[in-house]
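**Q** Pasting the sequence and the predicted model now:
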Amino acid sequence: MKRKLELSQIRFKYKEDKLSIKDSNNNPFNQFSKWMNQAIKNKVFEPTAMSLATIDKKKVSNRIVLLKDIKNNTFIFYTNLHSKKAKDLKKNKSIAAVFWWPQIGKQVRIEGRIKKMVTTKEADSYFATRSRKTQIAAWASKQSNIISDRKYLKKKIAILEKRFDNMPINRPKFWSGYIINPFLIEFWQGRDSRVHDRIVYKKLKNKKWKKYRLSP
């Protein structure tokens, strides 16, 4: 007889790391870079993956996207402009994101608004660094739209491969990047007995950051 899996009894023991107001950097982006480097060094799977939440008028949607740049105190990601997230952002610029790095017991939570989209030059430059296959995939996908089956997608990719044969692949106009301008960044460090460390940075009206400790 198989033993029932008790989800309520699954627990994870965190490493003996800690986080304090004194030890954390006064600039949340410097603190973020420090933690991102730790995640990469510890071989966290997909360290740049973030859970991204958007909202249209009433409903919230969430998905995983990849962080592609940190620039001028903003976070940047790229997507198809016909996607569900892009449609949401046309209606509501509010956004939230979470990074979760279990191997080092760290989490970063971000709240903010989409400042604007990256420039054409920036989008072209990043698109050019992608592999040829992912460039073709960007052209082939009508992201978030219903398709009949995977064969339809493979057929479309095959057509595009012939179309771009021995040619450079330019970025499609319906694919670009968004700039997240955060007003809140929280750093969460897992600790024993669920007495976690939480340091939150809030942006003031003068655009400076102030940090506080939160109760776990």
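**A** Yep, it's here.

**Q** Helix, strand, or coil at the residue nearest the centre of the chain?
**A** Closest residue to the average C-alpha location of the chain: Met50 at 3.1 Å, with C-alpha atoms, centre = their mean. What DSSP: H, G, I helix; E, B strand; the rest coil gives for Met50 is strand.

**Q** Report the mean per-residue pLDDT for stretch 70-78.
**A** Averaging pLDDT along stretch 70-78 yields 97.

**Q** how long is it end to end?
**A** 13 Å (C-alpha to C-alpha, to the nearest Å).

**Q** tell me which element the spatially closest residue to Gln135 that is not a sequence neighbour falls in.
**A** Nearest residue to Gln135, sequence neighbours excluded (C-beta to C-beta, 6 or more residues apart in numbering): Ile169, at 4.3 Å. For glycine as for every other residue, the C-beta is placed from the backbone atoms N, C-alpha and C. Using DSSP states H and E, Ile169 falls within no helix or strand.

**Q** isn't Ile169 right up against Trp139?
**A** Yes - Ile169 lies in contact with Trp139 (C-beta atoms under 8 Å); the separation is 7.3 Å.

**Q** Need the overlap of contacts for the two.
**A** Counting by C-beta atoms under 8 Å, 6 or more residues apart in numbering, no residue touches both Ile169 and Trp139.

**Q** longest strand in the protein, by residue count?
**A** Determined from DSSP state E, the single longest strand within the chain is strand 175-189.

**Q** Which secondary structure elements does the helix or strand just after that strand sit against?
**A** Downstream of strand 175-189, the next assigned helix or strand under DSSP H and E is strand 197-203. Packing partners of strand 197-203 (3 or more C-beta pairs under 8 Å, 6 or more residues apart in numbering; DSSP states H and E): strand 175-189, strand 209-214.

**Q** who's in contact with the closest residue to Val195 other than its chain neighbours?
**A** Spatial nearest neighbour of Val195, excluding adjacent residues (C-beta to C-beta, 6+ apart): Pro216 at 5.7 Å. By C-beta under 8 Å, 6+ apart, Pro216 lies in contact with Arg191, Arg194, Val195, His196, Asp197, Arg198.

**Q** Can you tell me the SS state at Asn30?
**A** helix.

**Q** Kindly provide the distance from it to Leu66.
**A** 21 Å (C-beta to C-beta, to the nearest Å).

**Q** higher neighbour count, those two?
**A** Using other C-beta atoms under 10 Å, the more surrounded residue of Asn30 and Leu66 is Leu66, with 13 against 10.

**Q** Appreciated, that's everything.
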